[in-house]
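Novice: I would like to see how this sequence folds:
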Amino acid sequence: QLQLVESGGGLVQPGGSLRLTCAASGFTLDYYAIGWFRQAPGKEREGVSCISASGHTTSYADSVKGRFTISRDKAKNTVYLQMSSLKPEDTAVYYCATSCVIVRSISWGQGTQVIVST
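Specialist: Next up, the predicted model:
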């Protein structure tokens with residue numbers, strides 16, 4: 001089973017920045033598009049951003065365009081989500097997956113909590 005581990009979350013003030021990391025355990029990410037998703041309290045999980053296997057194509061939810069940047073480092077077998085100009089509405093648990101869309105077959109990890117608050 002493909003296992004991804006998210007990290008880098010925390011408490012940050014509005015306007016601040018965080019960098020989330022998605023690391024693979026036991027397999028290479030090179031051949032997979034990777035998506036970042038988030039789930040806020042009381043809300044459904046939603047897609048945030050996606051990067052193609054090559055790294056040449058990225059996409060973002062409208063709510064994060066211009067503030068978040070997804071990237072991948074193949075040497076480190078890692079995908080990042082750089083989040084800037086954070087807003088309270090970005091508060092959520094963030095997950096990564098080997099998919100750009102939510103499908104039933106995804107085995108979600110524990111995610112990493114992001115709290116944007118004063």
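Novice: Quick check: pLDDT value at the residue nearest the centre of the chain.
Specialist: Nearest residue to the geometric centre of the chain (CA atoms, centre = their mean): Trp36, 3.0 Å. Note for Trp36: predicted pLDDT of 98.
Novice: Tell me which other helices or strands the helix or strand harbouring it touches.
Specialist: Trp36 is located in strand 34-39, with elements delineated by DSSP states H and E. Judged by 3 or more CB pairs under 8 Å, 6 or more residues apart in numbering; DSSP states H and E, strand 34-39 is in contact with strand 18-25, strand 46-51, strand 68-73, strand 78-83, strand 92-97. Glycine gets a C-beta too; all of them are placed from N, C-alpha and C.
Novice: any chance of those strands in CSV, plus mean pLDDT?
Specialist: Converted to CSV, the helices and strands packed on strand 34-39 look like this (pLDDT from 0 to 100):
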stretch, mean pLDDT
strand 18-25, 94
strand 46-51, 98
strand 68-73, 97
strand 78-83, 98
strand 92-97, 97
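Novice: how many other residues sit next to Leu2?
Specialist: 13 (other CB atoms under 10 Å).
Novice: what's near enough to touch it?
Specialist: Shown in contact with Leu2 (CB atoms under 8 Å, 6 or more residues apart in numbering): 24, 27, 98, 107.
Novice: what do you get if the cut-off is 7 Å, keeping everything else the same?
Specialist: Listed by CB atoms under 7 Å, 6 or more residues apart in numbering, the contact partners of Leu2 are 27, 98.
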